[in-house]
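[1] Attaching a predicted model along with its sequence, questions to come.
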Amino acid sequence: STPGTPTAPGPVEVRRSARRRSTVSARREGDRTVVLIPVRMSRAEEERWVAVMLERLAAKDGRRRPGDAELTERAAALSARFLGGEARPASVRWVTNQNSRWGSCTPAEGTIRLSHRLQGMPEYVVDYVLLHELAHLLVPGHSPRFWKLLDAYPRTERARGYLEGIAAAERLPHPSEPDD
């Protein structure tokens, strides 16, 4: 990409539609960005609109992604609502060095770290991972007592399914990879 050109967090797919007359839209599908355009649009218009839509999505993602301070506030609210306020982390922050975990907790230090890969995912998924790590402040390991704490969160199964789907999609071969 050229300097100043917005980039997507993953691959960009352009879908042309005969039913579209003049509108252009874009959305995230997992780690992929899909841009929907009219079939009659020229390649130059396509490139211009893809750049515009990537910029709009990036701005929208920026508004939706909480910083560390907001993450700490969210942790306090989740602890109060689902754990009786008992989980009190010393720090909660985003990290970029966790690519095989969604989050981690060091109970002895009271620290919680969430993978940057969660940024841009639905709020209920981020809340689930945050609550999961908060529960580790109270119960280390994944014992039945630990899972009982998460039973209070109504979207646990949905969030776990979402994360399992993302993990499965990341293991799938990409279209440009051979099928050996």
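    In hand now; what should we look at?

[2] And the strands in the chain, which stretches?
    12-17, 25-29, 32-38, 91-95, 103-106, 111-115 (DSSP state E).

[3] The fifth one - contacts with which helices or strands?
    With contacts defined as 3 or more Cβ pairs under 8 Å, 6 or more residues apart in numbering; DSSP states H and E, strand 103-106 has these neighbours: strand 111-115, helix 123-138. Bear in mind the C-beta positions are built from the backbone N, C-alpha and C, glycine included.

[4] name the helices or strands packed onto the lowest-mean-pLDDT helix or strand in the chain?
    Lowest mean confidence among the helices and strands of the chain (mean pLDDT, DSSP states H and E): helix 43-64, at a mean of 79. Contact here means 3+ Cβ pairs under 8 Å, 6+ apart; on that basis helix 43-64 packs against strand 12-17, strand 25-29, strand 32-38.

[5] and among those strands, the most buried is which?
    Of all the helices and strands packed on helix 43-64, strand 32-38 carries the top mean neighbour count, a mean of 19, counting by mean count of other Cβ atoms under 10 Å.

[6] then that strand to CSV, C-alphas only?
    Only the C-alpha atoms of strand 32-38 are listed here, as CSV (Å, rounded to 0.1, in the frame of the first residue of the first chain):
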residue,chain,number,x,y,z
ARG,A,32,-11.8,-10.1,6.2
THR,A,33,-13.1,-6.8,5.0
VAL,A,34,-15.9,-7.1,2.3
VAL,A,35,-16.6,-4.1,0.1
LEU,A,36,-19.9,-4.3,-1.9
ILE,A,37,-20.0,-2.2,-5.1
PRO,A,38,-22.2,-2.0,-8.3
